[in-house]
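> Pasted the sequence and its predicted model underneath.
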Amino acid sequence: MNAAHGYVQRRKATAWAPPEKPPGPADLAAAREILAPATLYRFVQGVDAGPEVMKPEQRSGLNDPMAATFFNKGLFPLTLGDVMAGLDDAGAVPGVKSYLVGETGQIPPDEAPQLERDFRFAIVRGGDSKADLMISTSAADASEAAFLQIASWDDSAGVFNYYMRLDATWVWSGNSYTALAPESRGQACFDSHANGSVVMKELTAPWMHWQSQNSTILLASDSPVRSSPYYQSPPLTGAEDLETTVRAAVDRWTVARLRSATASETIEHPDWLLRQLCTSTTVNLATSPVEFKTLSADAAFSPPLGLWFNSEALLNTLAIPADISLPAMNGGDYLHGVSKYEFALEAEGFTRKGDSFFAFAVPVPAFEDLNVIDHLVASGTISAKFAACVLMVDFCNPLFSARRTALMRYCPTGSTAPDVLTSTIADAIVTAAGHLTKTSPEFEFAAYWMLTDEAWPKEFAQKIEHYMTSVNRRIATPAGVDDYIRLSESRRREFKAMKINEFTLTLPVTNIPANAPLLDTRPDGTVGPRTPDLK
């Protein structure tokens with residue numbers, strides 16, 4: 001959501017709480033008077049008091065396709081069609097693919113004709129898998145009233161620039177570095193573009209709400225989406241293709257960011273990088289591959305592996321040689337839990353009992369965090385052992401771990417030489433552990449850090465194997481399935497508190513109270529109330 005002096009123009013993000021005092025007609029009129037048409041404004045929330053006309057010297061620093069094709073030439077397209085035609089005429093960023101997403105896409109139109117179907121296009125321009133320009137806009141409204149947001153890659157600066165059209169003008173909301181700076185972090189569009197890159201929450205198969213090889217979005221026969229040229233020609237591309245593009249875009253920004261951060265003899269703001277190792281800066285959503293409506297009581301299915309631990313980082317990036325089996329859940333036990341906890345998809349005037357379209361949707365560690373970890377280790381900025389020791393602290397809880405977050409206090413915030421970054425942090429944690437209890441995260445890290453280079457991969461593999469054996473044993477019981485259903489709902493509630501949660505139909509609701517104690521998993525596979533011992 002972006003605001004300009006009380007004027008809000010955004011997609012219909014139904015999961016966001018309304019402001020305490022919605023802007024009235026007078027506020028909207030004043031905002032429209034402030035924003036002159038055919039103008040490029042700068043408005044970085046948290047930094048700027050309000051929108052300011054971008055000065056020529058500021059505009060000259062923008063070298064992305066939107067700025068080069070339009071703004072720096074005094075052109076201000078008002079619709080998606082105008083943007084696409086202008087780029088085509090200029091021969092800029094050839095290659096177009098369009099994708100369709102909507103949380104109502106698997107609800108038959110005749111089942112809920114009253115339901116507002118907020119379908120969105122994601123349109124990508126660029127050669128091969130490069131996303132030089134990514135557009136998010138309404139799929140049903142091609143007018144000047146539709147929200148229109150664009151991320152445009154500036155290769156000379158190594159950043160995405162973020163633009164939004166407000167009425168008859170455009171606002172530059174900032175660039176990738178704006179997302180990282182404390183004063184603007186989490187503000188405006190950077191509440192979802194949390195680390196400066198483009199976002200696809202449902203990044204992996206089966207891409208829950210996207211048109212893909214796994215599912216087709218259901219449209220009414222008279223849906224305006226059908227008449228859109230971006231639905232018809234070029235024909236829609238599946239989300240399986242967009243996944244590759246988004247991963248490449250995230251990697252492109254990470255590479256540019258690390259190149260800049262390590263260009264001198266010191267790293268500026270090492271904490272901005274290390275928080276993507278120690279904390280959950282954002283999440284992705286993953287599901288089982290099974291459609292809920294096809295799930296039978298006598299069948300088994302596997303929840304996403306990211307529910308149990310950060311498998312991508314620990315097994316793939318860090319190559320810990322753990323031999324594990326993917327836990328499988330009995331369909332009958334799961335269906336009993338869905339009924340017991342009254343799972344339902346709910347929106348204003350609409351209720352459908354049951355789980356999400358693909359069963360067992362949960363937040364999992366984000367690819368953009370993993371990508372930074374991968375490059376930090378590959379570049380030698382941090383050692384693989386250090387990354388593993390951090391991630392193995394409270395490893396049974398791959399998201400929202402207060403214990404791993406506590407290690408951030410030992411990360412330097414000022415300029416630090418890359419060759420001493422790992423030792424500086426590790427030594428500080430080990431020193432602190434000597435004054436804390438054996439239950440503290442510092443003590444846990446220190447015990448891991450004392451392992452030899454030959455021993456730590458085997459030790460961590462054994463811990464992961466023991467844990468996953470316990471999970472497999474427990475998930476085979478009705479009580480264990482009940483535990484893991486409650487655990488998944490706890491993780492969903494934490495996701496729902498994040499601004500990246502935009503739509504009420506993204507995830508099911510249950511009868512578990514919103515203020516119920518949050519749950520964690522333990523190394524023996526059991527689940528219990530979160531009681532982090534940080535001392």
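Structure received.
> Now do stretch 520-535: everything it contacts.
With C-beta atoms under 8 Å, 6 or more residues apart in numbering as the test, stretch 520-535 has contacts from 308, 394, 396-397, 401-403, 406, 436-437, 439-441, 463, 466-467, 470-471, 473-474, 480, 483-484, 486-487, 517-519. Just so you know, the C-beta spots here come from the backbone N, C-alpha and C atoms, and that holds for glycine as well.
> now those residues: which count as buried?
308, 394, 396-397, 401-403, 406, 436, 440-441, 463, 467, 470-471, 474, 480, 483-484, 486-487, 519 (16 or more other C-beta atoms under 10 Å).
> Leaving out sequence neighbours, find the closest residue to D369.
Q276 (4.4 Å; C-beta to C-beta, 6 or more residues apart in numbering).
> Next, work out how far apart the one you found and R185 are.
Using C-beta to C-beta, to the nearest Å, one gets 13 Å for the distance from Q276 to R185.
> Repeat that for S138.
28 Å.
> Next, count neighbours for V198.
24 (other C-beta atoms under 10 Å).
> what's the closest non-adjacent residue to G158?
What sits nearest to G158 in space, not counting adjacent residues and going by C-beta to C-beta, 6+ apart, is A256, at 3.2 Å.
> and the one you found, backbone torsions?
phi -60, psi -40 (degrees, to the nearest 10).
> Can you tell me which of the contacts of stretch 520-535 end up in helices?
The helices, defined by DSSP state H, take in 402-403, 441, 463, 466-467, 470-471, 473-474, 480, 483-484, 486-487 from those.
> and which of the residues you listed is nearest L166?
A402 (38.9 Å; C-beta to C-beta).
> tell me the domain boundaries of the chain?
3-243, 271-399+456-506 (automatic domain parsing).
> wait, isn't D191 in contact with A497?
No: the criterion here is C-beta atoms under 8 Å, and D191 misses it with A497 at 12.0 Å.
> Between these two, which has more neighbouring residues?
Looking at D191 and A497 with other C-beta under 10 Å, you find the greater number of neighbours at D191, namely 18 against 10.
> okay, that one: pLDDT?
With respect to pLDDT, D191 scores 95.
> any residues touching the helix or strand that contains V372, and which ones?
Applying DSSP states H and E as the criterion places V372 in helix 367-378. The contact list for helix 367-378, computed with C-beta under 8 Å, 6+ apart, reads 194-195, 197, 203, 247, 250-251, 254-255, 258, 273, 276-277, 280-282, 284, 310, 312-313, 317-318, 381-384, 387.
> Now, the residues you listed that are in strands?
Of the contacts of helix 367-378, the ones assigned to strands by DSSP state E are N284.
> List only buried entries from the contacts of helix 367-378.
194-195, 197, 203, 247, 250-251, 254, 258, 273, 276-277, 280-282, 284, 310, 312-313, 317-318, 381-384, 387.
> So which of these belong to helices?
Reading helices off these with DSSP H, I get 247, 250-251, 254, 258, 273, 276-277, 384, 387.
> Pick out whichever of the residues you listed sits closest to L180.
Checking these one by one against L180 (C-beta to C-beta), the nearest turns out to be L273, at 9.2 Å.
> got the contact list for that closest one?
Counting by C-beta under 8 Å, 6+ apart, L273 has contacts 258, 261, 267, 372, 376, 381.
> Farthest pair within the residues you listed?
I267 and V372 (12.9 Å).
> Tell me which of those two has more neighbours.
Each of I267 and V372 has its neighbours counted (other C-beta under 10 Å); V372 has more, 27 against 22.
> Would you quantify the distance from that one to A516?
Taking C-beta to C-beta, one finds V372 at 33 Å from A516.
> mind listing what the closest residue to A194 other than its chain neighbours touches?
Nearest residue to A194, sequence neighbours excluded (C-beta to C-beta, 6+ apart): T282, at 4.3 Å. By C-beta under 8 Å, 6+ apart, the contact list for T282 reads 192, 194-195, 199, 366, 368-369, 498, 500.
> can you check Y99 too?
So Y99 contacts 121-124, 210-211, 236-239, 241-242 (C-beta under 8 Å, 6+ apart).
> where does it fall, helix, sheet strand or coil?
strand (DSSP: H, G, I helix; E, B strand; the rest coil).
> Show me the beta-bridge partners of it.
Taking DSSP bridges, one finds A122 as the beta-bridge partners of Y99.
> Can you tell me how far it is from N195?
22 Å.
> can you check C396 too?
To N195, C396 is 25 Å away according to C-beta to C-beta.
> and what of A157?
Taking C-beta to C-beta, one finds A157 at 17 Å from N195.
> repeat for R259
Taking C-beta to C-beta, one finds R259 at 16 Å from N195.
> same thing with G158?
Applying C-beta to C-beta to G158 and N195 gives a distance of 14 Å.
> So which residues of the stretch 401-535 of the chain form strands?
519-521, 527-529 (DSSP state E, counting those that start in this stretch).
> Of these, which stretch is the most buried?
strand 519-521 (a mean of 22; mean count of other C-beta atoms under 10 Å).
> mind checking how far that strand is from the chain centre?
22 Å (C-alpha atoms, centre = their mean, to the nearest Å).
> hang on, L487 packs against L519?
Yes: using C-beta under 8 Å, L487 makes contact with L519 at a distance of 5.1 Å.
> tell me the contacts of R252?
130-131, 153.
> ditto for L391
277, 310, 313-314, 318, 404.
> which among those residues gets closest to H336?
The closest of the contacts of L391, once distances to H336 are taken by C-beta to C-beta, is N310, at 29.5 Å.
> Can you report phi and psi for G126?
Dihedral angles for G126 - degrees, to the nearest 10 - are phi 150, psi 160.
> any idea how far it lies from T437?
53 Å.
> just how off-centre is stretch 336-355 within its chain?
Taking mean C-alpha positions (C-alpha atoms, centre = their mean), stretch 336-355 and its chain are 25 Å apart.
> Average pLDDT for it, rounded please.
On average, stretch 336-355 scores 97.
> got the buried residues for it?
Of the residues in stretch 336-355, 336-338, 341, 343-345, 347, 350, 352, 354-355 count as buried by neighbour count, 16+ other C-beta under 10 Å.
> Just flag the most distant two among those residues.
H336 and A347 (25.6 Å).
> Near N515, how many other residues are there?
So N515, with other C-beta under 10 Å, has 7 neighbours.
> Check what pLDDT it gets.
So N515 comes in at 95 (pLDDT).
> hang on, the earlier thing: for the contacts of Y99, pick the one with the most neighbours.
The residue in those with the most neighbours, by other C-beta under 10 Å, is A239 (27 neighbours).
> quick check, nearest of the contacts of T282 to V430?
D369 (24.5 Å).
> nearest residue to L80 other than its sequence neighbours?
In space, L80 is closest to T137, 5.1 Å off (C-beta to C-beta, 6+ apart).
> That neighbour: what secondary structure?
strand.
> wait, what's in contact with it?
Applying C-beta under 8 Å, 6+ apart, the residues near T137 are 80, 120-121, 123, 146-149.
> now those in CSV, with distance to N330?
Converted to CSV, the contacts of T137 look like this (distance: C-beta to C-beta, whole Å):
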residue, distance to N330
L80, 47
R120, 36
F121, 40
I123, 42
A146, 46
F147, 43
L148, 47
Q149, 43
